[in-house]
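Asker: using only what follows, build the 3D model:
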Amino acid sequence: MTLLVSAVATYGLRVVLITLVPAHRLPAVLRRGLPHLAPAALAGLVAVALVGHVGPAAPGPDRLAFLAALAAAGVVAWRSRNPALPVLAAVAVAIVVEVLS
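Answerer: Purely as a prediction, here's the structure:
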């Protein structure tokens, strides 16, 4: 029941904010920050996956695959400036590391 109420509240908030406050009506300061919102959210997810909720996890094959994929994605993103290529590079590196370890 709690999950259903949370889902309805989140969906309602999204609909209200999208319909009542479109992006072109936001102040200029907020509009300049909108392109950075998705990378910031992704960085937060990566940080949580890397550190975890208790502290750094012990090194292991999973950690090695994650770090190698993260490094590959960072290099490809830096060099290509394309949002799709880093994801493909990270997946490819993670698969290779998992197969080899």
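Asker: gap between the most centrally placed residue in the chain and Val76?
Answerer: What sits nearest the mean C-alpha location of the chain, by C-alpha atoms, centre = their mean, is Leu42, with 1.9 Å. Separation of Leu42 from Val76 (C-beta to C-beta, to the nearest Å): 14 Å. Yep, even glycine has a C-beta here, placed from its N, CA and C like the rest.
Asker: tell me which helix or strand the residue nearest to the centre of the chain sits in.
Answerer: Using DSSP states H and E, Leu42 maps to helix 37-51.
Asker: that helix packs against which elements?
Answerer: Counting contacts by 3 or more C-beta pairs under 8 Å, 6 or more residues apart in numbering; DSSP states H and E, helix 37-51 is packed against helix 61-80.
Asker: after the helix it packs on comes which helix or strand?
Answerer: Downstream of helix 61-80 (by DSSP H and E), the next one is helix 84-100.
Asker: show me how far the helix or strand hosting Leu30 is from its chain's centre.
Answerer: Element membership of Leu30 [criterion: DSSP H and E] is helix 28-33. Distance of helix 28-33 from the chain centroid (C-alpha atoms, centre = their mean, to the nearest Å) equals 21 Å.
Asker: CA atoms of that helix as CSV?
Answerer: Presented in CSV, the C-alpha positions along helix 28-33 are these (Å, rounded to 0.1, in the frame of the first residue of the first chain):
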residue,chain,number,x,y,z
ALA,A,28,17.2,31.6,-16.6
VAL,A,29,19.4,30.3,-13.8
LEU,A,30,17.4,27.1,-13.5
ARG,A,31,17.3,26.6,-17.3
ARG,A,32,21.1,26.8,-17.5
GLY,A,33,21.3,24.0,-15.0
